[in-house]
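>>> dropping a prediction and its sequence here:
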Amino acid sequence: MKNLPAIGLFLIVLFVFGTSSALAQKTSPKIGAYYFDGWSGTTFHITDDLKNNYPEREPKWGWVTSKQEIVDEQIALAADAGLSFFSFCWYFSEKQKYDDIILNNALNYFKRSKNGKMMEYCLLVANHAGFNIGPEGWDQVTQIWLKEFQQPQYLRVDGKPLLIFFEYNSLIKNFGSAEAVNEAFDKLKLQALKSGLKGVTVAICTASEDGAGIAKDCGADVVTGYNYHSAGFVAGQLATPIENMQLAEKKLWDKLGSGNLKYIPVCTVGWDPRPWANDKNKYLEKPYYTGFSAESAQRSVKGLVNWISENQKAVTGEKIGLLYAWNENGEGSWLTPGKTGLNPLTGLKQALKK
């Protein structure tokens, strides 16, 4: 190399860097979906209203899908459609033995599945009401998380396991301040380093620029969301076309993607929680989206893929995006094939086809 003319060396460098850049541009976004395990038949989620008045939402296996053989098939279908990972809604309570929390059953089925190697997975820590996490349980959950992180199929961002938190308000309340939350995350990352990992990539969900700033104060490495269902609502209007959501979320992605932290954009493919209405949540009096179909799912997912490809500086190096959701059938956002013939999975597959 030392005798190579300067122009020759320049051309080699130009070729190498140009090729690397081209490969980076061609790398497809890595799309996953949130997985909610409320479908064991032993929880309140399969309501009479859902069963009797929303037949198009019933999966082809029936309402109870939290079984090993059904999770096996769901993995195969999701992978075939182009999904790279599931992000499991994960629950912990200091008032209940961890192994007895049935909302985590599907995660265990996934790890035992004969098809488990077809996809990766990560955890969405559902730290909302009833499942708050604070200083008292932090050491326990740290040990549980570290065990998950060692799984070969666990999703990594920047070489580190990705751990997503549903929200920051309860963390700040329980720990006392954003600074204390930051210290807890530092402790978790140190424990991860000691266990042989490169650390942990912490993501926190938010739907606002101010929220992204608070997430950063809490020690988040990445901002993301669970869903942005209210983004496309029209004041005074209950039934709202899903197209409103598709237009509104792109503007929200632009805002959240322009901050100081890397961003994992989330596509809300639908929202209609009326089957879960009760006197407390008042869902029958609140807005929802209409027009959900395989075609609308295709448009939603394609919009996410295009945005990631056009905003690579805003997203993680892995070009990760998330879908809400694989099976939030009760809230009107699902991709599972249905008994009635409605199969949003076909739209997903079309949107993700190479």
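Alright, I've got the coordinates.
>>> can you tell me which residues contact Lys262?
Lys262 sits next to 221-223, 314-316 when contact means Cβ atoms under 8 Å, 6 or more residues apart in numbering. In short, each C-beta sits where N, CA and C put it, glycine included.
>>> ranges for the strands of the stretch 201-350 of the chain?
Assigned by DSSP state E, counting those that start in this stretch, the stretch 201-350 of the chain shows strands spanning 201-205, 222-224, 239-241, 262-263, 266-268, 288-290, 320-324, 327-328, 333-334.
>>> pLDDT weak spots in this protein?
Scanning the chain for pLDDT under 70 picks out 1-26.
>>> can you tell me how far the nearest residue to Pro337 once chain neighbours are set aside is from Val305?
By the measure of Cβ to Cβ, 6 or more residues apart in numbering, the closest residue to Pro337 outside its immediate chain neighbours is Asn343, 4.3 Å from it. As defined by Cβ to Cβ, to the nearest Å, Asn343 lies at a distance of 20 Å from Val305.
>>> now do Phe92
Where Val305 is concerned, Phe92 sits at a distance of 33 Å (Cβ to Cβ).
>>> ok, back up a step: what about the residue nearest to Pro337, neighbour count?
Asn343 is surrounded by 18 other residues when neighbours are defined as other Cβ atoms under 10 Å.
>>> surely it touches Lys349?
No: counting by Cβ atoms under 8 Å, no contact exists between Asn343 and Lys349, whose distance comes to 9.5 Å.
>>> Asn174 and Gly137 touch, don't they?
No: using Cβ under 8 Å as the test, Asn174 is too far from Gly137 to be in contact (9.3 Å).
>>> weed out the non-buried ones from the contacts of Lys262.
Burial by neighbour count, judged by 16 or more other Cβ atoms under 10 Å, picks out 221-223, 314-316 from the contacts of Lys262.
>>> can you give me the strands in the stretch 1-150 of the chain?
Secondary structure of the stretch 1-150 of the chain (DSSP E, counting those that start in this stretch): strands located at 30-35, 85-90, 120-125.
>>> which parts of this structure are helices?
For the chain, helices defined by DSSP state H occupy the ranges 6-26, 48-53, 68-81, 105-112, 135-149, 169-175, 178-194, 209-217, 242-256, 294-310, 344-352.
>>> can I get those in TSV with distance to Ser87 and mean neighbour count?
Shown next, in TSV, are the helices of the chain (distance: least, Cβ to Cβ, whole Å; neighbours: other Cβ atoms under 10 Å):
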stretch	distance to Ser87	mean neighbour count
helix 6-26	24	10
helix 48-53	23	12
helix 68-81	12	19
helix 105-112	10	19
helix 135-149	12	15
helix 169-175	18	18
helix 178-194	18	17
helix 209-217	17	18
helix 242-256	17	19
helix 294-310	14	19
helix 344-352	15	22
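>>> to Gly38, which of those helices lies closest?
helix 105-112 (9.4 Å; Cβ to Cβ).
>>> now that closest one against strand 85-90, angle please.
Per axes from the mean of the first three to the mean of the last three Cα atoms, to 10 degrees, the angle that helix 105-112 makes with strand 85-90 is 140 degrees.
>>> can you add mean neighbour count and distance to Asp272 and give the strands of the stretch 1-150 of the chain back as TSV?
Shown next, in TSV, are the strands of the stretch 1-150 of the chain (neighbours: other Cβ atoms under 10 Å; distance: least, Cβ to Cβ, whole Å):
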stretch	mean neighbour count	distance to Asp272
strand 30-35	23	16
strand 85-90	26	19
strand 120-125	23	21
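>>> out of the ones you listed, nearest to Gly236?
Judged by Cβ to Cβ, the one of the strands of the stretch 1-150 of the chain that comes nearest to Gly236 is strand 30-35, at 29.8 Å.
>>> helix 294-310 and that closest one, what's the angle between them?
With the same axes, to 10 degrees as the basis, strand 30-35 and helix 294-310 are set at 130 degrees to each other.
>>> before we move on, the earlier item: farthest-separated two in the contacts of Lys262?
Among those, Asp221 and Ala314 lie farthest apart (Cβ to Cβ), at 14.2 Å.
>>> Tyr263: how many residues sit nearby?
If we define neighbours as other Cβ under 10 Å, then Tyr263 has 24 of them.
>>> actually Thr340, not the one I wrote
Thr340 has 11 neighbours, counted by other Cβ under 10 Å.
>>> run through the residues that contact Glu56.
Taking Cβ under 8 Å, 6+ apart as the test, what Glu56 contacts is 338, 340, 342.
>>> distance to Ser208 for those - can I get that in JSON lines?
Rendered in JSON lines, the data for the contacts of Glu56 read as follows (distance: Cβ to Cβ, whole Å):
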{"residue": "Gly338", "distance to Ser208": "34"}
{"residue": "Thr340", "distance to Ser208": "37"}
{"residue": "Leu342", "distance to Ser208": "33"}
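>>> brilliant, that's me finished.
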